[in-house]
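In: Here's a sequence, model it:
(2 chains)
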Amino acid sequence: EAQVTQNPRYLITVTGKKLTVTCSQNMNHEYMSWYRQDPGLGLRQIYYSMNVEVTDKGDVPEGYKVSRKEKRNFPLILESPSPNQTSLYFCASSSVGAYRTDTQYFGPGTRLTVL
Amino acid sequence: AQSVTQLDSHVSVSEGTPVLLRCNYSSSYSPSLFWYVQHPNKGLQLLLKYTSAATLVKGINGFEAEFKKSETSFHLTKPSAHMSDAAEYFCVVSGLKAAGNKLTFGGGTRVLVKP
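Out: Residues are numbered from 1 along each chain as shown, chains lettered A, B, ... in the order given. The predicted structure follows:
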């Protein structure tokens, strides 16, 4: 089954404790992206990756890191989480056309609480 | 630059009556437009997409949307609401590859379906 998976689905942590949220897709998509969802703000892009070893900042990259060492995986790293990073996080992937990506497929989400 | 405005944050309908969710967009180029649905505690599911083919787009579960360039609108409709349609709906515009393929989300419309 074609899918995007994220782990963990739920995480409660404390300020300053480094964490990683994993994202994996089995559709051989070039493009992957991370979003955060906050009430009333819709989804905002954190980072994206056009392909292996190619990453760039989205709209709200502060406090996050990413890496793309393999095509299927795109982990999101919070080196020193803070309470304002409490949010619902989504990973997405898609193939890439000549001018834009195709439909982005989303993972199930990771609900993160930072105390 | 691109932006999306969903004109109603909440819509309440009775089961069996029509649903209309309004979306206006702004884009510097010919856009790709999407509607996604998010059921409570679930991920995002694609309802339909417009990619410069037919202006009337049919999606899953009886939903359809009409692209009107002159009005910069992409309203979502369904002739007869079902209880299972209760969810949050997001209108989304897709950016170009040169701009990171970013998805810009509207703020969302929460749909309540009354029996």
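In: burial count for A:Pro75?
Out: Taking other Cβ atoms under 10 Å in any protein chain shown as the criterion, the count of residues near A:Pro75 is 18. Backbone N, C-alpha and C define where each C-beta goes, glycine included.
In: can you give me the strands for chain A?
Out: Residue ranges of the strands in chain A, as given by DSSP state E, are A:4-7, A:10-13, A:19-25, A:31-38, A:42-51, A:54-57, A:65-66, A:76-78, A:87-94, A:105-106, A:110-114.
In: Could you do chain B as well?
Out: Per DSSP E, chain B carries strands over the ranges B:2-6, B:10-14, B:19-21, B:23-27, B:32-38, B:44-50, B:56-58, B:64-68, B:73-78, B:87-94, B:103-105, B:109-114.
In: What is the burial count for B:Leu112?
Out: Using other Cβ under 10 Å, B:Leu112 is surrounded by 13 other residues.
In: Excluding its own residues, what touches the helix-or-strand element of chain B with minimal mean pLDDT? List them.
Out: Every helix and strand in chain B was compared by mean pLDDT, DSSP states H and E; the lowest is strand B:103-105, with a mean of 86. Identification of contacts with strand B:103-105 by Cβ atoms under 8 Å, 6 or more residues apart in numbering or on different chains yields A:33, A:35, A:42-45, A:92, A:104, B:2-4, B:34, B:90-95.
In: partners of the residue in chain B that chain A sits nearest to in the sheet?
Out: In chain B, the residue that lies nearest chain A is B:Phe105 (3.5 Å; Cβ to the nearest Cβ). In this entry, B:Phe105 is beta-bridged to B:Val92, by DSSP bridges.
In: swap in A:Val114?
Out: Residues in beta-bridge contact with A:Val114 (DSSP bridges): A:Thr13.
In: Pull the number of nearby residues for the closest residue to chain B within chain A.
Out: In chain A, no residue comes nearer to chain B than A:Gly42, which is 3.5 Å away by Cβ to the nearest Cβ. Using other Cβ under 10 Å, A:Gly42 is surrounded by 20 other residues.
In: do the same with the one 3 residues further on
Out: The tally of other residues near A:Gln45 (other Cβ under 10 Å) stands at 23.
In: That one contacts B:Lys102, doesn't it?
Out: Yes - using Cβ atoms under 8 Å, A:Gln45 is in contact with B:Lys102, at 5.2 Å.
In: quick revisit: mind putting the strands of chain B into a markdown table with distance to A:Thr22?
Out: Converted to a markdown table, those look like this (distance: least, Cβ to Cβ, whole Å):
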| stretch | distance to A:Thr22 |
| --- | --- |
| strand B:2-6 | 29 |
| strand B:10-14 | 35 |
| strand B:19-21 | 34 |
| strand B:23-27 | 33 |
| strand B:32-38 | 22 |
| strand B:44-50 | 18 |
| strand B:56-58 | 34 |
| strand B:64-68 | 34 |
| strand B:73-78 | 33 |
| strand B:87-94 | 24 |
| strand B:103-105 | 21 |
| strand B:109-114 | 30 |
